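Q: Structure for the following, please:
(chains A and B)
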Amino acid sequence: MTAEFGSFALVLAFALSLAQVGLSAGGRWRGSAALSGAGEGAAAGAFICTAVAFGCLMFAFVTSDFSVANVAQNSHSAKPLFYKITGVWGSHEGSMLLWCLALTGYGAVMALVAGGLPARLKSSAVAVQGGLGVLFLGYTVFASNPLMRLANPPVEGHSLNPLLQDPFLAIHPPFLYSGYVGMSVVFSLALAALIEGRVDAAWARWVRPWALAAWSLLTIGIMLGSFWSYYVLGWGGWWSWDPVENASFMPWLAATALLHSATVTEKRGALAGWTVFLGLVAFTFSMLGAFLVRSGVLTSVHAFAIDPARGILLLGILGFAAGAGFVVFAWRAPSLAPGGLFAPISREGALVLNNLFLAAATAAVLFGTLFPLIRQALSGDAVSVGPPYFDRTFAPLMAAVLLILPIAPLMPWKRADLKGAVQRLWVAAGLAVATAVLTFALARPGQAVTALGVALAVWLIAGTLTELVERARGGGAKVGDVWRRLSQLPRGAWGMSLAHIGLGLFILGAAMETSGRIEAAKVLGLGDSMSVAGYQLALGKVGSVDGANYTAERATLAVTRNGAPVCKALPERRFYPASQQTTSRVTICVRGLSDLYMVLGEPRTGAGGQPAWLIRAYWNPWVRLIWLGPLLMAFGGGVSLSDRRLRFGLPRRAAATAAVPEPAE
Amino acid sequence: MSFLPKSRKARRRLAAVAIAAPILAASAALAFYALGDSVSFFYSPSQARAASVPAGRTIELGGLVAAGSLRKTPDGGIAFVVADHRDQDRVAYQGELPDLFREGQGVVAKGSFRPDGVFQASEILAKHDERYMPRELVKALKASGEWRGQAQTAVNGQ
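A: Model prediction:
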């Protein structure tokens, strides 16, 4: 019964979304608070119904109800409970339901919690959000219902792809989707502002918390996905510019640009049209991501649960929603009040430059990702675009962003003194040059790119710290005062600094890992040993172990350095009988920020007919920073979100004064 | 400088365009320059023969792993045959095969032909989804009459 009940709830959610559009739009045009209130109620109802449907699907998974088609295809009774639950979003249908849950959830929060929005703007935004709900819930109900029953239920399920049975990947989709879909609120607010014909500082203030929350969640989502591919796929890579990776990265880039341009709109009332445009672009990229990942239109190593036929439908939804958004933009944007003028040498000038480079970088990634489609359409050739393209376009553009990044926060709004800002950064610049020279001299055969990457990272971190200290000193305060002042800085300032330092750490890790990585592979018999980066690995024994739903071959490797024991590594090769698949279980010895990464390969016949195994080992220096950096960035986003100036409801008071540009901080 | 616009606003706008245009033009140039040698073409064995791909050029070779063709040497060397309906190529590879690699199933190898005609792979495309097939491969298999449907291919490999 639960599946039918869930289907019913899903249809009801679809109907309530339709009602949400009608009631809120009616409330907006008739100026009726009652109608608008009813629209908000419908938004809450749509969320509750979607949550009920989601709960029903989860119940079917937990109880292994194989009469539900989706459960039969993606679950197995022997699967651990945790993976039964996460299997809910392991399939196409389930993941789209998760998407709808996030979409209606954001809609409900916007309708009920976000106070301080002008009534008309809010009704419009709730109506647009409802429209998005109609599109995606409609898709789920009519084309991808995860609660469909099977006429002849199987006794046992097909099981979930073993590669997906991993704690990090299990929580990766919820973060990623809450990030993706969080952009829908920005999209709705942008479209609503266009309809109302008013984009001002107050509007930017309402948009920022949503963009910030979505950006932080997306950062964590991408980071988890990267970490998963690093330690599950068994080749130690953390980013390969695969279409699916790019699909999640493009909304992130757009959201990053949006956060910065929204600041300019908030503080100076300028760039209004551009900020709205980025708001539309960010969610368009989110939808493009869902389309690229789920349609299989691009060849990806990460493609899961693809379905080309339904991909066309998703493309239709994307085209309709984005098309409507951009048509309204083209129609209404010229009528927006022109933004304030500003001097090129100012903080807003620097932020405009940042946005230009970020936009160019995003466009480069988009072009490289879609190029195979363009080429296919034009000449019929099947091609793929490799990582070198992205390295050569994205990296220089981002280097430009990083170069101006520490300077911008040191420049005041309105009109700045570039020379003064740069002068205050001489310590950071000196440190950066010194580390660059040092890295160039010490790193393996004089790698200029590594030195450049390290220098940029140091420049970024030291520059950000300089800015914090400058703020705290404010013209020669005592040491005790510095501490007090630092603790009194607005949370927004702390959030920004933390995020920038996080980015610096990430770049440091990426530069060190990319150039300093050492790889070794050797076929080892029992008792043989190999060495990598000064560590000795001795193969002790290879035994078999049984897991909940797999059997595994497990090697015992004793890792030593100069004779001293370091760790005992137990890499496994797991065989999942339900899906007839083999996966590798990597073992990582964490050495500070670096990893010693070990993989057990297939059994082979060694010298003299003895059994032997191919062992691959990687030394990944400073690789932990690649995930700690983004984590710090997301944390910075959270800190910034907790700034009382951004809290829901507060903008009401601030709105009155925000029209007047605030003095520089 | 009489050709400069009179109004302050128009001057600012001109300045903005003057800064933005070179950045965008430079990034577009960068993109096309970088695209040049980052694009790799996909061929099945018979398509590669028809296009007479020169030795040394990096391409992606896709097809089915011929049953019984997989050979492994103790030093980690791997050799197998990739075939489509009409033609086949020998592939040499040094390293570990992806976990989902099986005889009789689809595979995509990245690398180049050696002068002796053997395809030296530098990378074997790992597919994470056992039900997944690269689109180019499906197309090439369909074109050469090798295609037997998604589900059946998966069963063949087991």
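
Q: Show me where chain B dips below the pLDDT cut-off.
A: Under the criterion pLDDT under 70, the flagged ranges of chain B are B:1-4, B:74, B:76, B:126-158.

Q: So if we follow the domain assignment, how does it break up?
A: Dividing chain B into domains by automatic domain parsing, as the record does, gives the ranges B:1-39, B:41-156.

Q: Could I get those in TSV, plus columns for mean neighbour count and distance to chain A?
A: Every residue, glycine included, has its C-beta placed from N, CA and C. What follows is those, written out as TSV (neighbours: other CB atoms under 10 Å in any protein chain shown; distance: least, CB to the nearest CB, whole Å):
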stretch	mean neighbour count	distance to chain A
domain B:1-39	13	3
domain B:41-156	18	4
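
Q: Just send those domains back as TSV, with distance to residue A:327 too.
A: Conversion of the domains of chain B to TSV gives the following (distance: least, CB to CB, whole Å):
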stretch	distance to residue A:327
domain B:1-39	24
domain B:41-156	31
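
Q: Tell me the residues on the stretch 451-600 of chain A that lie near chain B, please.
A: Applying the criterion CB under 8 Å from any CB of the partner chain, the portion of the stretch 451-600 of chain A that neighbours chain B consists of A:521, A:522, A:523, A:579, A:580, A:581, A:582, A:583, A:584, A:599.

Q: so what's the fourth one up against?
A: Applying CB atoms under 8 Å, 6 or more residues apart in numbering or on different chains, one finds that residue A:579 lies in contact with A:158, A:159, A:161, A:162, B:130.

Q: Please work out how many residues are found near residue A:492.
A: Close neighbours of residue A:492, defined as other CB atoms under 10 Å in any protein chain shown, add up to 21.

Q: tell me what the helix or strand harbouring it is packed against?
A: Element membership for residue A:492 (DSSP states H and E) is helix A:491-516. For helix A:491-516, the packing partners by 3 or more CB pairs under 8 Å, 6 or more residues apart in numbering or on different chains; DSSP states H and E come out as helix A:407-410, helix A:448-473, helix A:625-641.

Q: again, 7 Å this time
A: Here helix A:491-516 touches helix A:448-473, helix A:625-641, going by 3 or more CB pairs under 7 Å, 6 or more residues apart in numbering or on different chains; DSSP states H and E.

Q: what's next to the following helix or strand past that helix, contact-wise?
A: Stepping forward along the backbone from helix A:491-516, the first helix or strand reached (DSSP H and E) is strand A:518-525. Taking CB atoms under 7 Å, 6 or more residues apart in numbering or on different chains as the criterion, the residues outside strand A:518-525 that touch it are A:530, A:532-533, A:539, A:604, A:606, A:610-619, B:74-76, B:95.

Q: Same question for stretch A:61-70.
A: The contact list for stretch A:61-70, computed with CB under 7 Å, 6+ apart, reads A:3, A:60, A:71-72, A:75, A:77, A:81, A:84-85, A:87-88, A:91, A:93-94, A:146-150, A:153-154, A:157.

Q: and the end-to-end length of it?
A: With CA to CA, to the nearest Å applied, stretch A:61-70 spans 9 Å between its terminal residues.

Q: Start from the N-terminal end of the stretch 551-665 of chain A and give the strands.
A: When assigned using DSSP state E, counting those that start in this stretch, the strands of the stretch 551-665 of chain A occupy the ranges A:551-561, A:564-569, A:572-576, A:581-585, A:587-591, A:594-605, A:611-620.
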